[in-house]
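In: I would like to see how this sequence folds:
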Amino acid sequence: MDLGDLDEVSAKIDRIHRVVQSIAAGDAQAMQEAEAICAEVYVCMCFFLCCLSRLENGWQESKDKIKSERTIINKEPPALSAEQQTLLALQQDAEERHQRRIQRDKEADALKLKGNEAFKQEAYAEAIDWYTRALTLAPDIVVIRSNRAQAYLCHGLPDKALEDCQFLVNLNRGNSAYTLPSKVWLRMGLAQRALGEYSAAIASLRKGLAASTPADRATFESEIASCESAQALAEADAHAVAGPATKHTAAIDAFLQLVMQADNSTSQELTSALSSTRSCLEDSHDRAYFRAKGGLRLLAGPTMAPFCTQQGELADGIVNEALALLAAAATNQPHSALALANDISLFSFLHAWIIAPDGGRCYPSLNLLNIVLETPAARLAVARHHPEIADELLQMADTNAAARQACTALTAEPATRERFAATPGVIAPLLSAPKKIIRLCPLLTNLAAHPVLRAEMLQSHTDLLLHTAAATTNDESRAALLGLYTNLSVEPDFAKRLQTASVLAMLLPLLSRDSEDTLPTHRAASLLARLCSDAAFACMAVQAGTVPLLLTVCKGDLGEESPAEPAMRALAKICMHSGVEAREQVMGAGDVVLRLIDKGSEGMAGNAALCLGECAREPKLCGLPPLAPAVPLLLVHAKKERCTLQENSAIAIARLCQNNTAHLAALRALGGLEVLHSRLR
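Out: Have a look, this model is predicted:
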């Protein structure tokens, strides 16, 4: 029996199966067909039984044959059709290309790692070479091309960096399943900004911001702000040049022409011109014109470099006059301050002069630096692009007031605090004595905002910091120390050490002072709000008479730096953690609380609503006359989208209405129930 016999038997069995199904269906025609093939079925069955018998008799022979040849199918595979052959070839080619791609990517990754090492060593040209070799093997690997773009940026080739980023954007266009890493958009934006394409840079950075992680969000936001500042600077320069001439325009032009031609032979003339030109920059338009015509770049850049590197009285005079002129040009000119902050050559000289042994150029350098640091965008640029200056300033902070001022300004930036936090032993030299601590308080306050530096301060200097309070001699020094205490009291153990009668006694005079300088009051209220989270200290504060003092502070100005905001926050904490006495005092002056809810900032209004909600826990206080307009004012905030102010306002409304029917009637009349219900949903 061969394969054909088996196929025939199988076919007949299938036919028998169909006949049986037809009979079971009860179809008359199927019955006739079944009778017609019964004889044939009988013959088939006999043939099948015969086949089985033959198979049984020849089993051993077949077994040996199969053992040697495995199977008939494997011995003689059926011929493939043309289509099947094509598909098989394509499959083999795809597999080969996949293996080649794996090997190629492996080689490219090895080259990328070499590029990364060169980049870390700031060998940017070498890094670019390694990345280029890797991209020759794998031109579409995003990380490698993005890394090369960064190397191009650091090497001063923003046009090349932009080409790499644009390649990745084009490669990704239309691929909705893949999102470009936010770093690509960041580097594209930085390249566009360097090329003066500010609108495009802002658009790229906003795309990166949308794709960024929370940890990178601050970077994108600061870069966007920097681009917007640079764009405004460019527009201001264009306007200054195109604007009408002033009486000093010609003098400024003549001076700039002299600077471009300056050399040692014109030193005396240049010194006189620097001094006289400074008087031409008293007007803001003249300062903008000076900047727009390139005056800042000429003085800070290569033109003045020969004089900057010379020694002697004449060179010192020229340099100091140039620094004074730059300071005059940057005064009350944020765009000029930012332009100076971004000038690499200027800051290389400033760094050298600040640490110079003779210090002849130190003071004018620090004066210019402090003027630049008054502009927030410029301060951020200095912290990011010239971080080494902060190290030198910190060393001089105790003995040099100008250096202390500059270092305090720089430590307001997180980048500077991160730099110091990564440097062991920064804090200990600053905490050697109470008078030194008082002198450095603003600087230490900024440093204490960083958890690592804060922990270093408290590790072995807690007692010294607490004893420093006894060394304060005036409200100014006390306010500075309270700022430091406020940041340090984030740590619960230190806050507990501050919750004493002696600290409270130091706060009370600052809360009751009547002066245009509100900083001491602001600092005292801020620390009090932090410490009153403890019930025992809150009750002590009530007994000491702090509530009337805080209410008086809340009656004052409601401006941006008003102490009313921390004062109301302190009242809210006191009402939350103390007894009915404080709540009675606050509700008795309910008009003060409602004023902040109505006219204060979001922070003031939120704390006032929180305070009112805590006082409304006492049913007998909810009907006091000063609170009659409370519901309409609170409802304005309760209608807003969900936020702390909205939640505090809704809670205050609920407690007032629960404890007083007049407030409930007012809420119903205003349709407030529906509003609160919709917000609840």
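
In: CA atoms of the helix or strand that contains residue 190 as CSV?
Out: For residue 190, the host element (DSSP states H and E) is helix 182-194. What follows is helix 182-194, C-alpha atoms only, in CSV (Å, rounded to 0.1, in the frame of the first residue of the first chain):
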residue,chain,number,x,y,z
SER,A,182,12.5,66.4,25.3
LYS,A,183,16.3,66.9,25.1
VAL,A,184,16.0,67.1,21.4
TRP,A,185,13.6,70.1,21.6
LEU,A,186,15.8,71.6,24.3
ARG,A,187,18.9,71.5,22.1
MET,A,188,17.0,72.7,19.1
GLY,A,189,15.7,75.7,21.1
LEU,A,190,19.2,76.5,22.4
ALA,A,191,20.6,76.4,18.9
GLN,A,192,17.9,78.6,17.5
ARG,A,193,18.4,81.1,20.3
ALA,A,194,22.1,81.2,19.6
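
In: got a list of contacts for that helix?
Out: The contact list for helix 182-194, computed with CB atoms under 8 Å, 6 or more residues apart in numbering, reads 142, 146, 149-150, 152-153, 158-159, 161-162, 165-166, 168-169, 198, 200-202, 204-205, 207-209, 211-213, 216, 219-220, 223, 226-227, 230. No exception for glycine: its C-beta is placed from N, CA and C like everyone else's.

In: Output the longest helix belonging to this structure.
Out: Longest helix in the chain by number of residues (criterion: DSSP state H): helix 82-120.

In: which ones are touching residue 598?
Out: The contact partners of residue 598, taken as CB under 8 Å, 6+ apart, are 605, 633.

In: give me the element it is part of.
Out: Assessed by DSSP H and E, residue 598 sits inside helix 590-599.

In: Okay, buried residues for the following helix or strand past that helix please.
Out: Next in sequence after helix 590-599, counting helices and strands by DSSP H and E, comes helix 602-615. Neighbour-count burial for helix 602-615 flags 603-615 (criterion: 16 or more other CB atoms under 10 Å).

In: Packing partners of helix 602-615?
Out: Other elements packing on helix 602-615 under the criterion 3 or more CB pairs under 8 Å, 6 or more residues apart in numbering; DSSP states H and E are helix 564-577, helix 580-588, helix 590-599, helix 630-638, helix 644-659.

In: Just the CA atoms of stretch 146-160, as PDB, please.
Out: The C-alpha coordinates for stretch 146-160 follow below in PDB (Å, rounded to 0.1, in the frame of the first residue of the first chain):
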ATOM      1  CA  SER A 146      21.100  64.400  19.900                       C
ATOM      2  CA  ASN A 147      24.400  64.000  21.700                       C
ATOM      3  CA  ARG A 148      26.300  65.400  18.700                       C
ATOM      4  CA  ALA A 149      23.900  68.300  18.700                       C
ATOM      5  CA  GLN A 150      24.800  69.100  22.300                       C
ATOM      6  CA  ALA A 151      28.500  68.800  21.400                       C
ATOM      7  CA  TYR A 152      28.100  71.200  18.500                       C
ATOM      8  CA  LEU A 153      26.400  73.700  20.900                       C
ATOM      9  CA  CYS A 154      29.200  73.500  23.400                       C
ATOM     10  CA  HIS A 155      31.800  73.800  20.600                       C
ATOM     11  CA  GLY A 156      30.100  77.000  19.400                       C
ATOM     12  CA  LEU A 157      28.500  75.600  16.300                       C
ATOM     13  CA  PRO A 158      24.800  76.200  16.800                       C
ATOM     14  CA  ASP A 159      24.000  75.900  13.100                       C
ATOM     15  CA  LYS A 160      25.300  72.400  13.000                       C
END
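
In: in the stretch 151-300 of the chain, which spans are helices?
Out: Using DSSP state H, counting those that start in this stretch, the helices of the stretch 151-300 of the chain run over residues 158-172, 182-194, 198-211, 214-242, 249-260, 267-278, 284-292, 295-300.

In: If I take the second one and helix 198-211, what angle do their directions form?
Out: The reference is to helix 182-194. 170 degrees (axes from the mean of the first three to the mean of the last three CA atoms, to 10 degrees).
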